[in-house]
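[1] Quick one, what's the 3D model for this:
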Amino acid sequence: MPTPTPDVRLDPTCRLVTMGCKVNQYETQLVKEALQRHGYREAADDEPAALCVVNTCTVTGEADSKARQIIRQLAKRNPGTKTVVFGCYAAREPQTLAQLPGVIAVVPDNRELPDVMQRFGVCDWPTGISRFDGHRRAFVKVQDGCILNCTYCIIPRVRPGLRSRTPDEIIDEVRRLVANGYKEIILTGIHLGHFGVEATRGRSGRTPYRLWHLIGDLDRIPGDWRLRLSSLEAAEVGPDFLAAVTDCSRLCPHFHLCLQSGSDAVLARMKRRYRIGRFLEKLDMIRGVFDQPAFSTDVIVGFPGETDADFQQTLDACDSAGFMKMHVFPFSPRRDTPAAEFSDSVPAEIRKQRIGRLTELERQLAGRYHQSLLGRRLAVLVEARPARRAGWVLGTACRYVPVEFPGSITDVGRLIDVTAQAVSDEGLSAERGESSACC
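    This next block holds a predicted model:
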């Protein structure tokens, strides 16, 4: 078949915009590497781009609105540009996006993206990424799709079904990233814990091949690096998972388990797969395997019907869980989800008050956890964020705690062994050690 004629001029320029989650950031990096493989270069800030690519999010109505605004701005600032739109909002409302200025293609299914990009001379699609621009930590997408039916969530409609990458492809990608100097790899997916559920064939034909098998295989990749998981459902933390990760030397003792609410009544209306007692049991199971693990979570405030008593149960559950970080969101109804039709909405002022109380609890819990780490040796990945003190550097510990300590620009991108000395506004202040063989 003849090679398609590129739809842009020679020495083409491109501009890429990403909205949303870690998966979206990974997918944009993949598109970037595909474009650069075919001669594209990113346009300078004051230079118009021949091709714009926008990766959209649709978790909230605000995300939809922002995507439309960004696309209009791109058309205005890049006269004559051709804009390709993909991602979750493109899957949800392709007709709306197709009518925006400059849009030449809307990709409602990301699997169609390689075919669409052939119109722009991109005929050789990479199987994975080799770097993660703008980040010291590299995300690796291992899975796509969600089959749950949480009443508030639109994602199963825009990313339906389950699709896991092959283990060999993932392992090769991680090897490549480690060889290129990345010291932390974060496994991510739309529903990470469902990696392999659709019976992906594993290495040497092993089936089923689940997340814990992948973690074990990745753990054997040599080099000075560590592995982190992005997000898990409590229901997926079971004996097989815990038995497998116990002996993984590279896995960070930090787990993001999505709570959403501490009220059993609210969890039932959300159609979550657990109740709060079982959720807390899962955290205790992890504590039985890992020494002082860090827990972070997501919480939705003001879900329809959430009473003062329900919210107090959420406060109590978060306190019992000992979360060191919480992502707190006000409920945002999404059209075409059951929760959008629930009538017993919580007034905006009450939602705001509850968010304030939960945010204050997060501050207290973070301080409590940081205090528990004093005197402990931690491996810190130094990032390109400036510390507040001259002659100091700032990084992220294995337990996801911000740590600042004496250092210089030469430390950026390295794993440094430190000993936590004091709780600071950033998280912890520490003194340097001699190796990174700790966590």
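
[2] hey, let's count contacts and neighbours off CA atoms from now on
    Will do.

[3] can you give me the strands in the stretch 301-439 of the chain?
    All strands of the stretch 301-439 of the chain, identified by DSSP state E, counting those that start in this stretch, fall at 325-330, 377-386, 392-397, 402-406, 415-423, 428-432.

[4] can you redo those strands as a markdown table with mean pLDDT?
    Compiled in a markdown table, these are given as follows (pLDDT from 0 to 100):
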| stretch | mean pLDDT |
| --- | --- |
| strand 325-330 | 96 |
| strand 377-386 | 89 |
| strand 392-397 | 95 |
| strand 402-406 | 95 |
| strand 415-423 | 96 |
| strand 428-432 | 95 |
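
[5] Could you dump those into a markdown table and include mean neighbour count?
    Below are the strands of the stretch 301-439 of the chain laid out as a markdown table (neighbours: other Cα atoms under 10 Å):
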| stretch | mean neighbour count |
| --- | --- |
| strand 325-330 | 18 |
| strand 377-386 | 22 |
| strand 392-397 | 23 |
| strand 402-406 | 24 |
| strand 415-423 | 22 |
| strand 428-432 | 20 |
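
[6] So in terms of bridging, what pairs with Ala420?
    With DSSP bridges as the criterion, Ala420 is bridged to Ala430.

[7] distance of it from Arg250?
    20 Å (Cα to Cα, to the nearest Å).

[8] Output the below-cut-off pLDDT ranges for the chain.
    Applying pLDDT under 70 to the chain flags residues 1-10, 200-207, 434-439.

[9] what's around the nearest residue to Ile171 once chain neighbours are set aside, how many residues?
    For Ile171, ignoring the flanking residues on the chain, the nearest one in space by Cα to Cα, 6 or more residues apart in numbering is Leu218 at 6.3 Å. Other residues within reach of Leu218, judged by other Cα atoms under 10 Å, total 21.

[10] and the residue most central in space within the chain, what does it touch?
    Centroid check for the chain by Cα atoms, centre = their mean gives Lys22 as the closest residue, at 3.2 Å. Listed by Cα atoms under 8 Å, 6 or more residues apart in numbering, the contact partners of Lys22 are 139, 188-189.

[11] Save those as JSON lines, and put in secondary structure and neighbour count too.
    JSON lines is the format used below for the contacts of Lys22 (DSSP: H, G, I helix; E, B strand; the rest coil; neighbours: other Cα atoms under 10 Å):
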{"residue": "Phe139", "secondary structure": "strand", "neighbour count": "27"}
{"residue": "Thr188", "secondary structure": "strand", "neighbour count": "24"}
{"residue": "Gly189", "secondary structure": "strand", "neighbour count": "27"}
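
[12] quick check, nearest of these to Thr13?
    Phe139 (25.3 Å; Cα to Cα).

[13] what about the closest residue to that closest one other than its chain neighbours, how many neighbours?
    Nearest non-adjacent residue to Phe139, counting by Cα to Cα, 6+ apart: Ile186, 4.7 Å away. For Ile186, the count of nearby residues is 19 (other Cα under 10 Å).

[14] what about the closest residue to Pro330 other than its chain neighbours, how many neighbours?
    Distances taken as Cα to Cα, 6+ apart put Val301 closest to Pro330, at 4.8 Å, once the chain neighbours are dropped. Using other Cα under 10 Å, Val301 is surrounded by 24 other residues.

[15] Val301 is in contact with Ser332, isn't it?
    No. Counting by Cα atoms under 8 Å, Val301 does not reach Ser332; the two are 9.5 Å apart.

[16] I figured Arg163 hits Cys146, correct?
    No. Taking Cα under 8 Å as the definition, Arg163 is not a contact partner of Cys146, at 9.1 Å.

[17] Helices of the stretch 51-200 of the chain, residue ranges please.
    Here the stretch 51-200 of the chain has its helices, by DSSP state H, counting those that start in this stretch, at 61-77, 88-92, 94-98, 113-117, 155-158, 167-179.

[18] would a markdown table of those helices with distance to Ala390 be doable?
    Listed next are the helices of the stretch 51-200 of the chain as a markdown table, based on distance: least, Cα to Cα, whole Å:
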| stretch | distance to Ala390 |
| --- | --- |
| helix 61-77 | 37 |
| helix 88-92 | 42 |
| helix 94-98 | 47 |
| helix 113-117 | 46 |
| helix 155-158 | 44 |
| helix 167-179 | 30 |
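
[19] Could I get those in TSV, plus columns for mean neighbour count?
    Listed next are the helices of the stretch 51-200 of the chain as TSV, based on neighbours: other Cα under 10 Å:
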stretch	mean neighbour count
helix 61-77	16
helix 88-92	25
helix 94-98	16
helix 113-117	17
helix 155-158	19
helix 167-179	19
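
[20] for the ones you listed, which one sits closest to Leu257?
    helix 155-158 (17.8 Å).

[21] What is the end-to-end distance of stretch 296-305?
    One end of stretch 296-305 to the other measures 25 Å (Cα to Cα).

[22] got the contact list for Arg278?
    Contacts for Arg278 were tallied using Cα under 8 Å, 6+ apart; there are none.

[23] Three-state assignment for it, please.
    helix (DSSP: H, G, I helix; E, B strand; the rest coil).

[24] Roughly how far does it sit from Pro160?
    Taking Cα to Cα as the criterion, Arg278 is separated from Pro160 by 27 Å.

[25] for Gly102, same thing?
    Plainly put, Gly102 is 28 Å away from Pro160 if you go by Cα to Cα.

[26] With Ser296 instead?
    26 Å.

[27] between those two, which one's more packed in?
    Ser296 (22 against 14).

[28] Quick check: the more buried one is in a strand.
    Yes. Under three-state DSSP, Ser296 falls within a strand.

[29] quick one: it and Gln260 touch, right?
    No. Ser296 is beyond contact range of Gln260, at 11.5 Å (criterion: Cα under 8 Å).

[30] list residues touching both of the two?
    Here Ser296 and Gln260 share no contacting residue, scored by Cα under 8 Å, 6+ apart.

[31] How about the contacts made by Asp319?
    361, 365.

[32] One more: Leu211?
    Per Cα under 8 Å, 6+ apart, neighbours of Leu211: 192-196, 241.

[33] Can you add neighbour count and distance to Gln312 and give those residues back as CSV?
    Below are these laid out as CSV (neighbours: other Cα atoms under 10 Å; distance: Cα to Cα, whole Å):
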residue, neighbour count, distance to Gln312
Leu192, 23, 30
Gly193, 23, 29
His194, 23, 31
Phe195, 26, 34
Gly196, 26, 37
Phe241, 17, 32
